[in-house]
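1. have a look at this prediction, sequence included:
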Amino acid sequence: MDIPYKSWYAAIPQRHSQRTYNGKRLSNESLDHLENLCEKFRPFAGVRAVIIRETPQGVYKGIVGSYGEIKNAPHLAAFIGDMSVPVVQEAAGYLGQGVILEATSMGLQTCWIGGFFRPETLEHTLGLGEKERILSITPIGYGVSKKSTRDKVMSFAIRSHRRKPLEKMVTNSSKELTPWSRTALEAARLAPSAANRQPWRFTVKTDSIIVSTGKVRGVSRISRRLDCESERTLDQDIRQLKSIGREIISWAEREGTAISKFTSPNVPIYLISEGPNHIAAQIGMMKFNEYSVLKGIAAIREEFKHHYNISVTDSDSAVLITGSPSDSSDDVYMSVLADSLKMRAYHLHVDQKLRLRLPLVQAIPNTIALQMAAYHTVLRYNPDKESFKLPHAEAFKIY
Ligand SMILES: Cc1cc2nc3c(=O)[nH]c(=O)nc-3n(C[C@H](O)[C@H](O)[C@H](O)COP(=O)(O)O)c2cc1C
């Protein structure tokens, strides 16, 4: 579809979030027009928008006077994403804003609703694919002509009309803006964001602008990647984690056995990690020490770079525990461990086939793999110690 740049650009300053509507329905032609747009406007694979002609009872969760309370909106649009697509949040944000700008240019009002709605009230109508989720919705209709006190209070509370100055959003603000980049940035600055947190940061290049998310606080349940990271990803990952228990155990068993081949009695094993994976390293360390075949030491990745303080000797073992997918800095780290420090080095990172995206969640399979590693190390040197049981589900409740 050719994007109607002119009318969408003109709609940008016209658009604002409307939470109280007058209940008047759109004409069938207008609804058909929006439906037609949703069918044609497919800027990215894995996301789609659907118009719901009748607002279902109870779809909006906002309690009276709260963020997300929507009144009397006759219709809505749902923005749906396939969660196996890595950039699904960004793609849904782009798609949704296109639909919203089209509605604005038709004289209609809207309001992105990212967290405060009940997807279950829509799912049966939408026929979602296995990996699809409703990422956000927007009411569509005509706003009450005079802004209600409630809307005024909400707008005031979240200072919805305010935007940060461009200098605060442009990371290389010393660079002089060209007319095109200023025009683009001024338009981007007016974009909506959950609780108006304006998470975007722009890096201006000669003929492009890179958009990224800054570290901002806001409504914890609404993804920052929708309006330009991802609490929803956490929900997804936890659901995935629960559904693939057996696969995780088989993967951890394989990894643990492989790591145990890098161990020798009384030669320390360094478990090097950062971020959430440090929990995995700490629990791995605890297990190696509990079995006391060899000493387990949990080291922070950055700290281990000063290994001369730690007195590493050749052929000590090291396990680098990272998030997945791993990157080139992990490869460099591994080659330093193996080639420069002459350690027996193993890189532990979750198999991407397990489809867990956040390091916070990946730390759990990594923890199990390290427990398996400690157990199989015991068995290699003390085959009679099979009574040192494999980790089991009950034991994991404490984590
Ligand atoms: C991804 C996203 C999620 C949002 N979720 C909600 C929501 O759940 N409830 C709500 O009342 N407003 C929500 N908003 C609307 C913002 O509060 C609003 O866009 C912001 O305050 C700026 O105001 P404006 O849209 O009038 O420019 C959301 C906006 C975005 C972009």
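-> Sure, I can see it. Numbering: from 1, shown residues only.
2. leaving aside the residues next to it on the chain, what's closest to residue 341?
-> residue 312 (6.0 Å; Cβ to Cβ, 6 or more residues apart in numbering). (Glycine included, C-beta is placed from N, CA and C.)
3. what's the neighbour count on the one you found?
-> Using other Cβ atoms under 10 Å, residue 312 has 19 other residues around it.
4. ok, it touching residue 270?
-> Yes. Counting by Cβ atoms under 8 Å, residue 270 is a contact partner of residue 312 at 7.1 Å.
5. need the residues touching each of the two.
-> Common neighbours of residue 312 and residue 270, using Cβ atoms under 8 Å, 6 or more residues apart in numbering, are residue 343.
6. and the helix ranked longest in the chain, C-alpha only, in CSV?
-> Longest helix in the chain, counting residues (DSSP state H): helix 359-381. Listed next in CSV are the C-alpha coordinates belonging to helix 359-381 (Å, rounded to 0.1, in the frame of the first residue of the first chain):
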residue,chain,number,x,y,z
PRO,A,359,18.4,-13.2,29.9
LEU,A,360,16.3,-13.0,33.1
VAL,A,361,14.4,-16.1,32.0
GLN,A,362,17.4,-17.8,30.2
ALA,A,363,19.1,-17.7,33.6
ILE,A,364,16.8,-20.5,34.8
PRO,A,365,17.9,-23.2,32.1
ASN,A,366,21.5,-22.0,32.6
THR,A,367,21.1,-22.6,36.4
ILE,A,368,19.8,-26.2,35.7
ALA,A,369,22.6,-26.9,33.3
LEU,A,370,25.2,-25.8,35.9
GLN,A,371,23.6,-28.0,38.5
MET,A,372,23.7,-30.9,36.0
ALA,A,373,27.4,-30.0,35.4
ALA,A,374,28.2,-30.3,39.1
TYR,A,375,26.2,-33.6,39.4
HIS,A,376,27.9,-35.2,36.3
THR,A,377,31.3,-34.0,37.6
VAL,A,378,30.7,-35.9,40.8
LEU,A,379,29.7,-39.0,38.8
ARG,A,380,32.8,-38.8,36.6
TYR,A,381,35.1,-38.9,39.6
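7. show me what that helix is packed against.
-> Secondary-structure packing of helix 359-381 (3 or more Cβ pairs under 8 Å, 6 or more residues apart in numbering; DSSP states H and E): helix 231-243, helix 245-260, helix 277-291, strand 317-321, strand 344-348.
8. this structure: helices as residue ranges?
-> 5-14, 28-40, 88-105, 120-126, 149-157, 166-169, 179-189, 231-243, 245-260, 277-291, 301-304, 328-335, 359-381, 393-396.
9. ok, of those, where does mean pLDDT dip lowest?
-> Mean pLDDT per stretch puts helix 393-396 lowest among the helices of the chain, at a mean of 54.
10. ok so, going back, how far is the longest helix of the chain from where the chain is centred?
-> Distance of helix 359-381 from its chain centroid, counting by Cα atoms, centre = their mean, to the nearest Å, is 26 Å.
11. okay, the angle between that helix and helix 277-291?
-> Calculated by axes from the mean of the first three to the mean of the last three Cα atoms, to 10 degrees, helix 359-381 forms an angle of 20 degrees with helix 277-291.
12. helix 359-381 relative to helix 245-260, how many degrees between them?
-> Using the same axes, to 10 degrees, helix 359-381 lies at 50 degrees relative to helix 245-260.
13. any chance of TSV for the helices of the chain, columns mean neighbour count and distance to residue 204?
-> Output for these, formatted as TSV (neighbours: other Cβ atoms under 10 Å; distance: least, Cβ to Cβ, whole Å):
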stretch	mean neighbour count	distance to residue 204
helix 5-14	13	19
helix 28-40	14	31
helix 88-105	23	19
helix 120-126	14	39
helix 149-157	14	30
helix 166-169	14	10
helix 179-189	14	5
helix 231-243	16	29
helix 245-260	17	43
helix 277-291	21	35
helix 301-304	16	31
helix 328-335	13	26
helix 359-381	23	30
helix 393-396	10	48
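14. to residue 205, which of those lies closest?
-> helix 179-189 (8.9 Å; Cβ to Cβ).
15. near the ligand at all, that closest one?
-> No. Using Cβ under 6 Å from any ligand atom, helix 179-189 stays clear of the ligand, with a minimum separation of 10.5 Å.
16. from the contact counts, what lies against that helix?
-> Looks like helix 179-189 contacts helix 166-169, strand 200-204, strand 209-213 (3+ Cβ pairs under 8 Å, 6+ apart).
17. chain center to the first one: distance?
-> Right, helix 166-169. That offset, for helix 166-169, works out to 24 Å (Cα atoms, centre = their mean).
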